[in-house]
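**Q** Fold the following.
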Amino acid sequence: MKIEQFEDKDIAHNSYAVLSECENKVVLVDPSRNVQPYLAFAELHQAEIIGVIETHPHADFVSGHLELHQTTGATIYSSRLLGAAYPHQTFDEGDVIKLGKIKLKAINTPGHSPDSISIILEHDGKDKAIFTGDTLFIGDCGRPDLRESAGNITAKREELAGQMHDSLREKIMILDDDVSVYPAHGAGSLCGKALSEVGHSTIGEEKLWNWSLQDMDKTQFIEALLLDQPFIPKYFPFDVECNKQGVTNLTTALAAIPHGKPEKLNAGIIIIDTRPEADFKKGHLPGSINLQESGKFETWLGSIIRPDEAYYLVAENEKALQNLLSRAAKIGYESLIESAFIVDRGPEITEPINIELFTEHLENYTIVDIRNAGEAKEQPIFADAIHIPLPQLRERVMEIPFNKPVVVHCAGGYRSAAGSSIIQNAYGDKIKVFDLGEAIKAFL
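**A** Just a heads-up that it's a prediction; the model follows:
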């Protein structure tokens, strides 16, 4: 038996291959959009992919389960509660997949979503591992507030938080301490609030260190779980529906994206300019938002752009552009691209901030803090700053007065590059907008 973990650091996603070495058969758990790593793993081990298990319809990425079914003939397994529109076999409590000496046993573990399942791996008659999806993470558990208006079944966050309490204690904690825990996400995911960077753990270790498995009554647990959850990106409900339906083959989807700069750009369509902020500031096209290739590109793309609006995607060269198209496809946003093309520079220039002048005369500027609510609350930086988190900035930009130059900051410079360009687009020549960028570190 072999368990292979596949990690996508860009979206903090873990997927798994379970290999029966005696039968040369593979079952995958929570695969990503790009199916090539799984096909390569099967080929390396001269094995056949016979099954794909979806622990729930994921909100933060688009799964390749349908393409794997179409490519390999593998059966897709998911809970009957999911209401899947793709060809599948239901997989709920009491159902078992057998391959060689391995049994994969479904248990219903609602809490992150009403349709969440976890999969216990039994080998030679003993429970060895559990694939917990977004139910139990290393150091945390899944957030319960993503399914109030998405999916086949909706539920209030308080109800799901109570179900999470029960699932953890009645289904997962009863396993032996030496059972390995393999979650669908690690640190950096917005599906929880305190995830560890460790890829896997054991039930015993989680009982010791994971806050969500500590002794507390249900009311205490619900209050703790609902407290300070991170923001919900705009694309999350969209991806739930994508995964419920199944999406287009990745190669086909990417090939359908229009390439090349149109003769005339539609002024009503946002341009996502992914070049480094220094290049962007030297010259960019009007209507551009500087969302750099580095960093959590997928998360911020899906937080700034709505799933019902088109956008142009531009990059500094063809290699970067191809990489970004694939990254946009991870969240299903390749379908929104009006056209993808390369940009060297443009007529719009962003002036650098005079740090000395700013530091000496803070009162002469309107300071906009675009960090998340929890960050701003935990570490205030400028006393009179206007706080508007980046995911809300396009909708709330008119709350910013334009009687003074505007200075935008985040915690390190990545988000402020995007935020300052959003504000400049909205106000044009009415005010000067400066990006504090990495200089914020001097004020921390």
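**Q** ranges for the strands of the stretch 251-400 of the chain?
**A** If you assign secondary structure with DSSP state E, counting those that start in this stretch, the strands in the stretch 251-400 of the chain sit at 270-273, 288-290, 311-315, 337-342, 366-369, 386-387.
**Q** What helices and strands are in contact with the last one?
**A** Helices and strands touching strand 386-387, by 3 or more Cβ pairs under 8 Å, 6 or more residues apart in numbering; DSSP states H and E, are strand 366-369. Backbone N, C-alpha and C define where each C-beta goes, glycine included.
**Q** Format the strands of the stretch 251-400 of the chain as CSV; extra columns: mean neighbour count and distance to I53.
**A** Formatted as CSV, the strands of the stretch 251-400 of the chain follow (neighbours: other Cβ atoms under 10 Å; distance: least, Cβ to Cβ, whole Å):
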stretch, mean neighbour count, distance to I53
strand 270-273, 24, 34
strand 288-290, 25, 37
strand 311-315, 23, 33
strand 337-342, 19, 31
strand 366-369, 22, 42
strand 386-387, 16, 42
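**Q** Among the ones you listed, single out whichever gets nearest to F443.
**A** Nearest to F443, of all the strands of the stretch 251-400 of the chain, is strand 366-369, at 10.2 Å by Cβ to Cβ.
**Q** ok, and what's touching that closest one?
**A** Outside strand 366-369, the residues that touch it by Cβ atoms under 8 Å, 6 or more residues apart in numbering are 376, 381-382, 384-388, 400-410, 419, 423.
**Q** related to what we said a few turns ago, is it possible to export the strands of the stretch 251-400 of the chain to TSV including distance to A129?
**A** Formatted as TSV, the entries for the strands of the stretch 251-400 of the chain read as follows, by distance: least, Cβ to Cβ, whole Å:
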stretch	distance to A129
strand 270-273	40
strand 288-290	43
strand 311-315	39
strand 337-342	39
strand 366-369	43
strand 386-387	43
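**Q** Output those strands in TSV, with mean pLDDT appended to each entry.
**A** Formatted as TSV, the entries for the strands of the stretch 251-400 of the chain read as follows, by pLDDT from 0 to 100:
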stretch	mean pLDDT
strand 270-273	98
strand 288-290	97
strand 311-315	98
strand 337-342	98
strand 366-369	97
strand 386-387	96
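**Q** Which among those strands is found nearest to I49?
**A** For the strands of the stretch 251-400 of the chain, distance to I49 was read as Cβ to Cβ. The smallest value, 30.0 Å, belongs to strand 337-342.
**Q** so how far is the closest one from its chain's centroid?
**A** How far strand 337-342 lies from its chain's middle: 22 Å, per Cα atoms, centre = their mean, to the nearest Å.
**Q** can you check stretch 151-158 too?
**A** Taking the mean of its C-alpha atoms, stretch 151-158 sits 19 Å from the chain's own mean (Cα atoms, centre = their mean).
**Q** contacts for that stretch?
**A** Stretch 151-158 is contacted by residues 57, 81-83, 113-115, 144-145, 147-148, 163, 222, 226, 240-241, 244 when judged by Cβ under 8 Å, 6+ apart.
**Q** if we can go back for a sec, please name whichever of the strands of the stretch 251-400 of the chain is nearest to R169.
**A** Closest of the strands of the stretch 251-400 of the chain to R169 is strand 386-387, at 37.6 Å (criterion: Cβ to Cβ).
**Q** Give me the sheet partners of the closest one and which way each runs.
**A** Partner strands and pairing direction for strand 386-387 (DSSP bridges) are strand 366-369 (parallel).
**Q** before we move on, back to that, just the buried ones out of the contacts of stretch 151-158, please.
**A** When neighbours are counted using 16 or more other Cβ atoms under 10 Å, the contacts of stretch 151-158 contain these buried positions: 57, 81-82, 113-115, 144-145, 147, 163, 222, 240-241, 244.
**Q** Going by distance to A74, which of those residues wins?
**A** Distances from the buried ones among the contacts of stretch 151-158 to A74 were compared by Cβ to Cβ; the smallest belongs to L82, at 17.3 Å.
**Q** List the contacts of the closest one.
**A** When the contact criterion is Cβ under 8 Å, 6+ apart, the partners of L82 are 54, 56-57, 115, 151-152, 244.
**Q** do the same with I271
**A** Per Cβ under 8 Å, 6+ apart, neighbours of I271: 265, 284-285, 287-289, 311-312, 314.
**Q** Include distance to I130 when you put these into a markdown table, please.
**A** Supplementary listing: the contacts of I271 in a markdown table, determined by distance: Cβ to Cβ, whole Å:
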| residue | distance to I130 |
| --- | --- |
| L265 | 51 |
| H284 | 49 |
| L285 | 50 |
| G287 | 48 |
| S288 | 46 |
| I289 | 41 |
| Y311 | 40 |
| Y312 | 44 |
| V314 | 44 |
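**Q** Just name the closest of those residues to T72, please.
**A** Nearest to T72, judged by Cβ to Cβ, of the contacts of I271 is Y311 at 33.3 Å.
**Q** Name whatever forms a beta bridge with the closest one.
**A** Once the bridges are assigned, which here means DSSP bridges, Y311 pairs with I270, I337.
**Q** which stretch of helix or strand covers I232?
**A** If you go by DSSP states H and E, I232 is not part of any helix or strand.
**Q** just E7 next, same as before
**A** strand 2-8.
**Q** can you state the direction angle for the helix or strand that that strand is followed by and strand 2-8?
**A** Per DSSP H and E, strand 2-8 leads on to strand 13-20 as the next helix or strand towards the C-terminus. Orientation of strand 13-20 against strand 2-8 (axes from the mean of the first three to the mean of the last three Cα atoms, to 10 degrees) gives an angle of 160 degrees.
**Q** Pretty sure L81 sits against T109.
**A** No - with contact defined as Cβ atoms under 8 Å, L81 does not reach T109; the gap is 11.5 Å.
**Q** For the closest residue to I305 other than its chain neighbours, which residues are in contact?
**A** Excluding the flanking residues, the one nearest I305 by Cβ to Cβ, 6 or more residues apart in numbering is Y311, at 5.3 Å. Y311 is in contact with 269-272, 305, 336-338, counting by Cβ under 8 Å, 6+ apart.
**Q** Please apply the same query to A439.
**A** Taking Cβ under 8 Å, 6+ apart as the contact definition, A439 lies against 353, 355, 413.
**Q** for it, helix, strand, or coil?
**A** When states are read from DSSP: H, G, I helix; E, B strand; the rest coil, the local structure at A439 comes out as helix.
**Q** what does H69 give?
**A** Here H69 is helix, with the state taken from three-state DSSP.
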